[in-house]
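Undergrad: can't give you the sequence, but here's the structure:
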DNA sequence: CAGTTAACTAACTCTTAGGTTAAATACAGG
DNA sequence: CCTGTATTTAACCTAAGAGTTAGTTAACTG
(Lines give C-alpha, C1' and ligand atoms only; values in the text may rest on other atoms or scores of the structure.)
Protein backbone atom coordinates (compact mmCIF):
# COMPACT_ATOMS: atom_id res chain seq x y z
CA UNK A 1 0.00 0.00 0.00
CA UNK A 2 3.05 2.26 0.02
CA UNK A 3 4.23 4.35 -2.89
CA UNK A 4 7.08 1.89 -3.31
CA UNK A 5 4.71 -0.99 -3.69
CA UNK A 6 2.74 0.96 -6.25
CA UNK A 7 5.93 1.55 -8.19
CA UNK A 8 6.72 -2.14 -8.28
CA UNK A 9 3.21 -2.95 -9.20
CA UNK A 10 3.31 -0.49 -12.09
CA UNK A 11 6.46 -2.18 -13.35
CA UNK A 12 4.60 -5.44 -13.58
CA UNK A 13 1.41 -3.97 -14.99
CA UNK A 14 3.03 -1.95 -17.76
CA UNK A 15 5.41 -4.76 -18.60
CA UNK A 16 2.44 -7.09 -18.86
CA UNK A 17 0.70 -4.71 -21.24
CA UNK A 18 3.84 -4.29 -23.34
CA UNK A 19 3.36 -7.64 -25.04
CA UNK A 20 0.92 -7.82 -27.97
CA UNK A 21 -0.17 -11.33 -27.12
CA UNK A 22 -0.98 -10.31 -23.58
CA UNK A 23 -2.80 -7.21 -24.72
CA UNK A 24 -4.84 -9.38 -27.06
CA UNK A 25 -5.65 -11.65 -24.13
CA UNK A 26 -6.72 -8.68 -22.04
CA UNK A 27 -8.73 -7.49 -25.01
CA UNK A 28 -10.48 -10.80 -25.27
CA UNK A 29 -11.11 -11.04 -21.55
CA UNK A 30 -12.71 -7.61 -21.64
CA UNK A 31 -15.53 -9.31 -23.51
CA UNK A 32 -15.89 -11.96 -20.86
CA UNK A 33 -14.10 -14.68 -18.94
CA UNK A 34 -12.46 -17.49 -20.88
CA UNK A 35 -10.50 -20.67 -20.33
CA UNK A 36 -6.83 -21.07 -21.21
CA UNK A 37 -7.58 -23.09 -24.34
CA UNK A 38 -10.09 -20.55 -25.50
CA UNK A 39 -7.58 -17.80 -25.01
CA UNK A 40 -4.90 -19.77 -26.79
CA UNK A 41 -7.03 -20.61 -29.82
CA UNK A 42 -6.45 -17.41 -31.84
CA UNK A 43 -2.69 -17.58 -31.50
CA UNK A 44 -0.08 -19.58 -33.35
CA UNK A 45 1.57 -20.39 -30.08
CA UNK A 46 1.97 -23.43 -27.87
CA UNK A 47 -0.27 -23.81 -24.83
CA UNK A 48 2.62 -23.47 -22.40
CA UNK A 49 3.49 -20.23 -24.12
CA UNK A 50 0.03 -18.89 -23.39
CA UNK A 51 0.22 -20.30 -19.90
CA UNK A 52 3.31 -18.25 -19.27
CA UNK A 53 1.65 -15.11 -20.52
CA UNK A 54 -1.27 -15.75 -18.23
CA UNK A 55 1.04 -16.15 -15.31
CA UNK A 56 2.60 -12.79 -16.12
CA UNK A 57 -0.82 -11.20 -16.33
CA UNK A 58 -1.86 -12.82 -13.09
CA UNK A 59 1.23 -11.70 -11.22
CA UNK A 60 0.63 -8.17 -12.45
CA UNK A 61 -2.87 -8.34 -11.02
CA UNK A 62 -4.47 -7.68 -14.38
CA UNK A 63 -6.25 -11.02 -14.38
CA UNK A 64 -7.28 -13.62 -11.85
CA UNK A 65 -7.92 -17.28 -12.36
CA UNK A 66 -10.65 -19.40 -10.89
CA UNK A 67 -11.09 -23.11 -10.92
CA UNK A 68 -13.85 -25.10 -12.47
CA UNK A 69 -13.10 -28.81 -12.83
CA UNK A 70 -10.12 -29.06 -15.13
CA UNK A 71 -10.76 -25.60 -16.51
CA UNK A 72 -9.13 -22.48 -15.18
CA UNK A 73 -11.37 -19.60 -16.18
CA UNK A 74 -9.51 -16.32 -16.56
CA UNK A 75 -11.04 -13.09 -15.40
CA UNK A 76 -10.07 -9.52 -16.17
CA UNK A 77 -9.40 -7.42 -13.09
CA UNK A 78 -10.59 -4.03 -14.19
CA UNK A 79 -9.38 -2.39 -11.01
CA UNK A 80 -5.81 -3.10 -12.01
CA UNK A 81 -6.44 -1.59 -15.41
CA UNK A 82 -7.79 1.47 -13.65
CA UNK A 83 -4.65 1.92 -11.63
CA UNK A 84 -2.46 2.04 -14.70
CA UNK A 85 -4.99 4.45 -16.14
CA UNK A 86 -4.59 6.58 -13.04
CA UNK A 87 -0.85 6.81 -13.31
CA UNK A 88 -0.96 7.99 -16.88
CA UNK A 89 -3.81 10.43 -16.49
CA UNK A 90 -2.22 11.88 -13.37
CA UNK A 91 0.90 12.73 -15.29
CA UNK A 92 -1.03 14.02 -18.21
CA UNK A 93 -2.82 16.27 -15.78
CA UNK A 94 0.38 17.52 -14.18
CA UNK A 95 1.52 18.49 -17.62
CA UNK A 96 -1.68 20.38 -18.31
CA UNK A 97 -1.52 22.24 -15.04
CA UNK A 98 2.06 23.25 -15.59
CA UNK A 99 1.26 24.44 -19.07
CA UNK A 100 -1.63 26.42 -17.74
CA UNK A 101 0.41 28.01 -14.95
CA UNK A 102 3.29 29.01 -17.15
CA UNK A 103 1.08 30.29 -19.87
CA UNK A 104 1.37 33.92 -18.82
CA UNK A 105 5.10 33.62 -18.32
CA UNK A 106 5.71 32.09 -21.71
CA UNK A 107 3.85 34.81 -23.48
CA UNK A 108 6.52 37.28 -22.41
CA UNK A 109 9.58 35.05 -22.50
CA UNK A 110 9.34 33.53 -25.96
CA UNK A 111 12.84 34.58 -26.94
CA UNK A 112 14.39 32.41 -24.23
CA UNK A 113 16.36 34.16 -21.47
CA UNK A 114 17.68 30.86 -20.06
CA UNK A 115 17.09 27.97 -22.36
CA UNK A 116 18.03 25.03 -20.25
CA UNK A 117 15.87 25.23 -17.18
CA UNK A 118 12.11 25.20 -16.84
CA UNK A 119 12.01 25.44 -13.06
CA UNK A 120 14.49 24.55 -10.38
CA UNK A 121 12.38 22.43 -8.08
CA UNK B 1 -1.44 4.41 -39.30
CA UNK B 2 -2.86 0.91 -39.47
CA UNK B 3 -4.01 -1.07 -36.49
CA UNK B 4 -0.82 -3.08 -36.84
CA UNK B 5 1.29 0.00 -36.46
CA UNK B 6 -0.68 1.01 -33.41
CA UNK B 7 -0.02 -2.41 -31.94
CA UNK B 8 3.69 -2.04 -32.43
CA UNK B 9 3.62 1.42 -31.04
CA UNK B 10 1.80 0.25 -27.94
CA UNK B 11 4.48 -2.38 -27.43
CA UNK B 12 7.08 0.35 -27.29
CA UNK B 13 5.03 2.76 -25.20
CA UNK B 14 4.03 0.27 -22.51
CA UNK B 15 7.50 -1.22 -22.43
CA UNK B 16 8.91 2.26 -21.96
CA UNK B 17 6.57 2.89 -19.05
CA UNK B 18 7.40 -0.47 -17.48
CA UNK B 19 10.71 0.79 -16.13
CA UNK B 20 10.67 2.79 -12.88
CA UNK B 21 13.56 5.01 -13.96
CA UNK B 22 11.77 5.88 -17.17
CA UNK B 23 8.51 6.54 -15.37
CA UNK B 24 10.38 8.84 -13.01
CA UNK B 25 11.78 10.66 -16.01
CA UNK B 26 8.34 11.02 -17.52
CA UNK B 27 7.15 12.20 -14.14
CA UNK B 28 9.81 14.82 -14.00
CA UNK B 29 9.24 15.95 -17.55
CA UNK B 30 5.57 16.40 -16.78
CA UNK B 31 6.66 19.37 -14.68
CA UNK B 32 8.64 20.84 -17.54
CA UNK B 33 11.39 20.21 -20.05
CA UNK B 34 14.82 19.29 -18.76
CA UNK B 35 18.29 18.47 -20.01
CA UNK B 36 19.87 15.03 -19.82
CA UNK B 37 22.09 15.94 -16.88
CA UNK B 38 19.18 17.40 -14.99
CA UNK B 39 17.20 14.26 -15.56
CA UNK B 40 20.11 12.10 -14.52
CA UNK B 41 20.82 13.99 -11.28
CA UNK B 42 18.29 12.22 -9.03
CA UNK B 43 19.45 8.76 -10.03
CA UNK B 44 22.37 6.67 -8.89
CA UNK B 45 23.06 5.74 -12.48
CA UNK B 46 25.68 6.60 -15.06
CA UNK B 47 24.92 9.21 -17.70
CA UNK B 48 25.03 6.70 -20.52
CA UNK B 49 22.48 4.66 -18.61
CA UNK B 50 20.11 7.61 -18.56
CA UNK B 51 20.92 8.31 -22.19
CA UNK B 52 19.77 4.82 -23.09
CA UNK B 53 16.54 5.26 -21.18
CA UNK B 54 15.93 8.50 -22.99
CA UNK B 55 16.47 6.79 -26.30
CA UNK B 56 13.89 4.18 -25.36
CA UNK B 57 11.45 6.91 -24.39
CA UNK B 58 12.15 8.78 -27.59
CA UNK B 59 11.67 5.73 -29.79
CA UNK B 60 8.39 5.07 -28.06
CA UNK B 61 7.31 8.60 -28.90
CA UNK B 62 6.77 9.52 -25.27
CA UNK B 63 9.42 12.21 -25.39
CA UNK B 64 11.16 14.29 -28.00
CA UNK B 65 14.51 15.97 -27.86
CA UNK B 66 15.47 19.39 -29.06
CA UNK B 67 18.87 20.91 -29.41
CA UNK B 68 20.27 23.94 -27.68
CA UNK B 69 24.03 24.31 -27.88
CA UNK B 70 25.46 21.24 -26.20
CA UNK B 71 22.25 20.66 -24.31
CA UNK B 72 19.52 18.35 -25.49
CA UNK B 73 16.35 19.47 -23.78
CA UNK B 74 13.86 16.67 -23.34
CA UNK B 75 10.19 17.26 -23.84
CA UNK B 76 7.22 15.15 -22.80
CA UNK B 77 4.93 14.23 -25.67
CA UNK B 78 1.57 14.20 -24.00
CA UNK B 79 -0.15 12.92 -27.11
CA UNK B 80 1.68 9.65 -26.79
CA UNK B 81 0.64 9.38 -23.18
CA UNK B 82 -2.92 9.95 -24.33
CA UNK B 83 -2.78 7.07 -26.76
CA UNK B 84 -1.79 4.59 -24.10
CA UNK B 85 -4.55 6.08 -21.99
CA UNK B 86 -6.95 5.42 -24.84
CA UNK B 87 -6.06 1.78 -25.15
CA UNK B 88 -6.62 1.09 -21.48
CA UNK B 89 -9.79 3.11 -21.11
CA UNK B 90 -11.23 1.55 -24.25
CA UNK B 91 -10.83 -1.90 -22.79
CA UNK B 92 -12.11 -0.82 -19.46
CA UNK B 93 -15.13 0.49 -21.27
CA UNK B 94 -15.67 -2.72 -23.21
CA UNK B 95 -15.71 -4.52 -19.90
CA UNK B 96 -18.28 -2.14 -18.48
CA UNK B 97 -20.52 -2.45 -21.50
CA UNK B 98 -20.38 -6.20 -21.39
CA UNK B 99 -21.14 -6.21 -17.73
CA UNK B 100 -24.05 -3.91 -18.32
CA UNK B 101 -25.43 -5.97 -21.19
CA UNK B 102 -25.23 -9.26 -19.39
CA UNK B 103 -26.67 -7.87 -16.23
CA UNK B 104 -30.17 -9.01 -16.96
CA UNK B 105 -28.96 -12.42 -18.09
CA UNK B 106 -26.89 -13.01 -15.00
CA UNK B 107 -29.76 -12.24 -12.71
CA UNK B 108 -31.54 -15.33 -13.96
CA UNK B 109 -28.57 -17.61 -14.61
CA UNK B 110 -26.68 -17.39 -11.34
CA UNK B 111 -26.59 -21.17 -10.85
CA UNK B 112 -24.43 -21.60 -13.96
CA UNK B 113 -25.88 -23.60 -16.88
CA UNK B 114 -22.56 -23.82 -18.76
CA UNK B 115 -19.62 -22.70 -16.75
CA UNK B 116 -16.86 -22.53 -19.27
CA UNK B 117 -18.06 -20.18 -21.97
CA UNK B 118 -19.08 -16.55 -21.81
CA UNK B 119 -19.77 -16.18 -25.51
CA UNK B 120 -18.42 -17.93 -28.57
CA UNK B 121 -17.45 -15.07 -30.84
C1' DC C 1 -9.23 -48.42 -13.62
C1' DA C 2 -7.82 -46.85 -18.36
C1' DG C 3 -8.13 -43.08 -21.29
C1' DT C 4 -8.83 -38.28 -22.54
C1' DT C 5 -8.91 -33.42 -21.89
C1' DA C 6 -7.09 -29.15 -19.62
C1' DA C 7 -3.52 -27.05 -17.82
C1' DC C 8 1.00 -26.67 -15.68
C1' DT C 9 6.15 -27.43 -14.69
C1' DA C 10 10.77 -28.26 -16.14
C1' DA C 11 14.57 -27.64 -18.90
C1' DC C 12 16.54 -25.55 -22.61
C1' DT C 13 17.52 -21.92 -26.42
C1' DC C 14 17.71 -17.35 -28.25
C1' DT C 15 17.20 -12.57 -28.02
C1' DT C 16 16.64 -8.30 -25.87
C1' DA C 17 17.17 -5.02 -22.02
C1' DG C 18 19.49 -2.72 -18.34
C1' DG C 19 23.61 -1.57 -16.66
C1' DT C 20 28.67 -0.63 -16.68
C1' DT C 21 33.32 1.85 -18.26
C1' DA C 22 36.02 4.03 -21.68
C1' DA C 23 36.40 6.60 -25.67
C1' DA C 24 34.26 9.82 -29.10
C1' DT C 25 31.56 13.83 -30.59
C1' DA C 26 29.64 18.56 -30.36
C1' DC C 27 29.75 22.90 -28.88
C1' DA C 28 31.26 27.34 -25.96
C1' DG C 29 34.74 30.23 -24.41
C1' DG C 30 39.27 31.96 -23.43
C1' DC D 1 43.25 25.92 -31.04
C1' DC D 2 42.97 23.94 -26.59
C1' DT D 3 40.07 23.08 -22.59
C1' DG D 4 35.92 22.10 -20.29
C1' DT D 5 31.09 20.70 -20.37
C1' DA D 6 27.14 17.96 -22.17
C1' DT D 7 25.88 13.99 -24.27
C1' DT D 8 26.33 9.96 -27.21
C1' DT D 9 28.65 5.52 -29.05
C1' DA D 10 31.00 1.37 -28.53
C1' DA D 11 31.97 -2.82 -26.35
C1' DC D 12 30.91 -5.66 -23.03
C1' DC D 13 28.37 -8.31 -19.22
C1' DT D 14 24.47 -10.28 -16.88
C1' DA D 15 19.92 -11.20 -16.30
C1' DA D 16 15.30 -11.56 -17.75
C1' DG D 17 11.72 -12.71 -21.39
C1' DA D 18 9.51 -15.16 -24.99
C1' DG D 19 9.25 -19.24 -27.06
C1' DT D 20 9.91 -24.26 -27.63
C1' DT D 21 9.27 -29.59 -26.50
C1' DA D 22 8.62 -33.17 -23.31
C1' DG D 23 6.83 -34.83 -19.37
C1' DT D 24 3.45 -34.21 -15.18
C1' DT D 25 -0.68 -33.31 -12.47
C1' DA D 26 -5.63 -33.05 -12.08
C1' DA D 27 -10.20 -34.08 -13.16
C1' DC D 28 -13.95 -35.91 -15.90
C1' DT D 29 -15.75 -40.08 -18.64
C1' DG D 30 -16.35 -44.54 -20.21
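TA: Okay, I see it. Only a predicted model underlies this, so the values are computations on that prediction, with no experimental measurement involved.

Undergrad: residues near residue A:51, how many?
TA: For residue A:51, the neighbour count with other CB atoms under 10 Å in any protein chain shown is 14. Where C-beta positions appear, they are placed from N, C-alpha and C, glycine not excepted.

Undergrad: what does chain A put close to DNA strand C?
TA: A:35-38, A:47-48, A:51-52, A:54-55, A:65, A:70-73 (CB under 7 Å from any atom of the strand).

Undergrad: So which of these are in strands?
TA: Applying DSSP state E to the residues of chain A next to DNA strand C, the entries found in strands are residue A:65.

Undergrad: Put the buried members of the residues of chain A next to DNA strand C into a PyMOL selection.
TA: To isolate the buried members of these in PyMOL, using 16 or more other CB atoms under 10 Å in any protein chain shown:
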select buried, chain A and resi 35+36+38+54+65+71+73
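
Undergrad: just the residues of chain A next to DNA strand C that are near DNA strand D?
TA: Answer for the residues of chain A next to DNA strand C near DNA strand D (CB under 7 Å from any atom of the strand): A:48, A:52, A:70.

Undergrad: of those, closest to residue A:95?
TA: Here the nearest of those to residue A:95, counting by CB to CB, is residue A:52; it sits at 36.0 Å.

Undergrad: so how far is residue B:13 from that closest one?
TA: 22 Å (CB to CB, to the nearest Å).

Undergrad: Next: residue A:60.
TA: Counting by CB to CB, the gap between residue A:60 and residue B:13 amounts to 16 Å.

Undergrad: got the buried residues for stretch A:15-26?
TA: A:15-23, A:25-26.

Undergrad: In helices, which of those residues appear?
TA: Per DSSP state H, helices hold the following members of the buried residues of stretch A:15-26: A:15-17, A:20-23, A:25-26.
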